[in-house]
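> Structure for this input, please:
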Amino acid sequence: MAPPFTMPAAWPVTRLVTQPGSRPVVRPCGPARAHQPWPGRAVAPLVTAGLLGVLTLSALPSLAAPRIVTLSPSLTEAVCALGHCAELVGTDRHSTWPEADVARLPRVGGLQDAHVESIVALRPDLVLLGPRSRAADRLRDLGLSVQVFDARTHADLRRMLLALGDALQERQRAEDLVRRIDHELQAAAQRVPAAWRGRSVYVEVGVTGPIAASAQSFIGETLTALGLVNVIGAEQGLFPKVNPEMVVRRNPDLIVAPQATALLATERPGWAHVSAVRQRRVCALDVQRMDLLSRPGPRLGEAAHMLVDCLLTLPTPLPPSLQTPLNPAETPLKCPPP
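Just a heads-up that it's a prediction; the model follows:
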């Protein structure tokens, strides 16, 4: 049985920096801290797949050593965090963690294009997938045990982990995992500098367009736990497509986005005047960190710490009355010493 997951010490972050006479660029701040290196991949499908993760519960069968297929990165990570990577016999193309365990597994497509014949050939006792998978009914018709999960909130995630723990006869480990996630969230919140509490943030998760994480999403709940205020309200849905002009009007103090989006931030109409861009308070996340943020799974607490790590490298926000307009081309922003 695989050991339970342990959180890496910390993550390197990237940020928006400028050179005199040029537009902002993204550079890493300081050396990468100790962690398992992950292979680079295309971002768009990864972000999408991560958001579809886990959670609508019906009774799961109790299985001593099941053969498991997962069709969601969040579910793959959950199974492994409960110590059952060894029972995985296949997974989706987007699962990447834990790298050493999932690299050996056959890939059976994704939520929208699962290879049903390949899944059946693996003789799974249990297939775990997200709510938008087109394969669920067909797999059930072929006699396979299928469970569908839809992770929308932190509470959903806790229920999912406990249900999987029961199914895998790992109830105590699941309870410990839930407690650890809660502890990690609390510890991350305690690391947030007082100057950042109550500050506004915009989180973009799409790379093909402005898809945001609202206050209703699990990412939004993480921001709330950290004392930050999401400029995209719950009334707009979980992950709405937003008008970039709305972001300008709401003028967030912080922007969290994929690197590709951050690179183009000043090219969007009006974004050069957004406080986060002018003051160079942008967390530009690489593929691995976007995966971490966008997957509702056992690494939720680690994602919260990753966001705080980024905050600690950014300029401390001043009270609105003391803020002065900045020309991003005038003063280069340097990374803090390691």
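> Please verify my assumption that Pro193 contacts Pro315.
No. Counting by C-beta atoms under 8 Å, Pro193 does not reach Pro315; the two are 11.3 Å apart. (C-beta placed from N, C-alpha, C; glycine too.)
> number of nearby residues for the spatially closest residue to Val231 that is not a sequence neighbour?
For Val231, ignoring the flanking residues on the chain, the nearest one in space by C-beta to C-beta, 6 or more residues apart in numbering is Arg250 at 4.1 Å. Neighbour count for Arg250, taken as other C-beta atoms under 10 Å: 16.
> which residues sit in contact with Arg250?
Contacts for Arg250 (C-beta atoms under 8 Å, 6 or more residues apart in numbering) come out as Ser200, Tyr202, Val231.
> List phi and psi for the last one.
If I follow you right, that is Val231. Backbone torsions for Val231, taken as degrees, to the nearest 10, come to phi -80, psi -10.
> The second one now?
Comment: the main-chain dihedrals of Tyr202 come out as phi -120, psi 130, following degrees, to the nearest 10.
> ok, it to Gln279 distance?
Separation of Tyr202 from Gln279 (C-beta to C-beta, to the nearest Å): 14 Å.
> Then the last one?
With distances taken as C-beta to C-beta, Val231 is found 15 Å from Gln279.
> Show me what the helix ranked longest in the chain is packed against.
The single longest helix within the chain, with elements called by DSSP state H, is helix 171-191. With contacts taken as 3 or more C-beta pairs under 8 Å, 6 or more residues apart in numbering; DSSP states H and E, helix 171-191 sits against helix 154-167, helix 218-225, helix 300-311.
> how about a cut-off of 6 Å?
When contacts are defined as 3 or more C-beta pairs under 6 Å, 6 or more residues apart in numbering; DSSP states H and E, helix 171-191 packs onto helix 154-167, helix 300-311.
> For the contacts of Arg250, give me JSON lines that also has neighbour count, distance to Arg152 and pLDDT.
Listed next are those as JSON lines, based on neighbours: other C-beta atoms under 10 Å; distance: C-beta to C-beta, whole Å; pLDDT from 0 to 100:
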{"residue": "Ser200", "neighbour count": "18", "distance to Arg152": "23", "pLDDT": "96"}
{"residue": "Tyr202", "neighbour count": "24", "distance to Arg152": "20", "pLDDT": "96"}
{"residue": "Val231", "neighbour count": "22", "distance to Arg152": "20", "pLDDT": "96"}
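> Can you give me the neighbour number for Ser74?
If you count neighbours by other C-beta under 10 Å, Ser74 ends up with 31.
> Next, the contact list for the nearest residue to Arg299 once chain neighbours are set aside, please.
Closest residue to Arg299 apart from its sequence neighbours, by C-beta to C-beta, 6+ apart: Leu292 at 5.9 Å. Leu292 makes contact with Arg299, Ala303, Met306, according to C-beta atoms under 6 Å, 6 or more residues apart in numbering.
> Specify which member of those is nearest to Leu111.
Arg299 (19.7 Å; C-beta to C-beta).
> buried ones in stretch 129-147?
Leu129, Gly130, Pro131, Ser133, Ala135, Ala136, Leu139, Leu144, Val146, Gln147 (16 or more other C-beta atoms under 10 Å).
> ok, now stretch 275-290?
Using 16+ other C-beta under 10 Å as the test for burial, stretch 275-290 gives 275-290.
> Check which element follows the lowest-mean-pLDDT helix or strand in the chain along the chain.
Least confident helix or strand, the chain: helix 43-51 with a mean of 35, by mean pLDDT, DSSP states H and E. Per DSSP states H and E, the first helix or strand lying C-terminal to helix 43-51 is strand 68-70.
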